[in-house]
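Participant: got a structure for you, letters missing:
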């Protein structure tokens, strides 16, 4: 039982379980009925995505310093009770179920899911090996 951190739209791993989309917007041009079948997500969880304003800042981050500023702001957003409770729940569930969380970005190092991984780890989440 564990969490996988994935790029949405990538092929699912064996035993991955339910895939949670931690994105602000659904995939463009894909009917809702196709999200799971096309390996995007089974359940949409937008409250774990950066706010629209912060997403723009993250996309524009050209330097390590700008990226670090984005991460600090994202982590601050995730301290809000609504997001924090969900993170606590996912960390606890990771010990009893297999599931995945993800975003569309190709490079996890420059995606909010890298910070999401760290936030879940700080809460004691179990992760599947990469």
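Facilitator: Looks like it came in fine. The structure presented is a predicted model; accordingly, all values stated were derived computationally and were not measured.
Participant: what helices or strands is the lowest-mean-pLDDT helix or strand in the chain leaning on?
Facilitator: Using mean pLDDT, DSSP states H and E, helix 52-60 stands out as the lowest-scoring helix or strand of the chain, at a mean of 94. With contacts taken as 3 or more Cβ pairs under 8 Å, 6 or more residues apart in numbering; DSSP states H and E, helix 52-60 sits against helix 64-77. For glycine as for every other residue, the C-beta is placed from the backbone atoms N, C-alpha and C.
Participant: Against which helices or strands is the helix it packs on packed?
Facilitator: In terms of contacts (3+ Cβ pairs under 8 Å, 6+ apart), helix 64-77 is packed against helix 52-60, helix 112-122.
Participant: Give me whichever of those helices is most buried.
Facilitator: Comparing those by mean neighbour count (mean count of other Cβ atoms under 10 Å), helix 112-122 ranks first with a mean of 19.
Participant: which SS state does residue 6 fall under?
Facilitator: Here residue 6 is strand, with the state taken from DSSP: H, G, I helix; E, B strand; the rest coil.
Participant: in terms of contact, does it touch residue 102 like I think?
Facilitator: Yes - between residue 6 and residue 102 there is a contact at 4.0 Å, judged by Cβ atoms under 8 Å.
Participant: Just list the residues touching residue 103, thanks.
Facilitator: Residue 103 makes contacts with 7, 8, 21, 22, 23, 49, 111, 112, 113, as judged by Cβ atoms under 8 Å, 6 or more residues apart in numbering.
Participant: Contacts only, for the nearest residue to the first one once chain neighbours are set aside.
Facilitator: Spelled out, that is residue 7. Counting by Cβ to Cβ, 6 or more residues apart in numbering, residue 102 is the residue found nearest to residue 7 once chain neighbours are left out, at 6.0 Å. Applying Cβ under 8 Å, 6+ apart, one finds that residue 102 lies in contact with 5, 6, 7, 8, 10, 19, 20, 21, 22, 41, 113.
Participant: got a list of what the first one touches?
Facilitator: To tie it back to what came earlier, the one meant is residue 5. Residue 5 touches 100, 101, 102, 108, 113, 116, 117, 127, counting by Cβ under 8 Å, 6+ apart.
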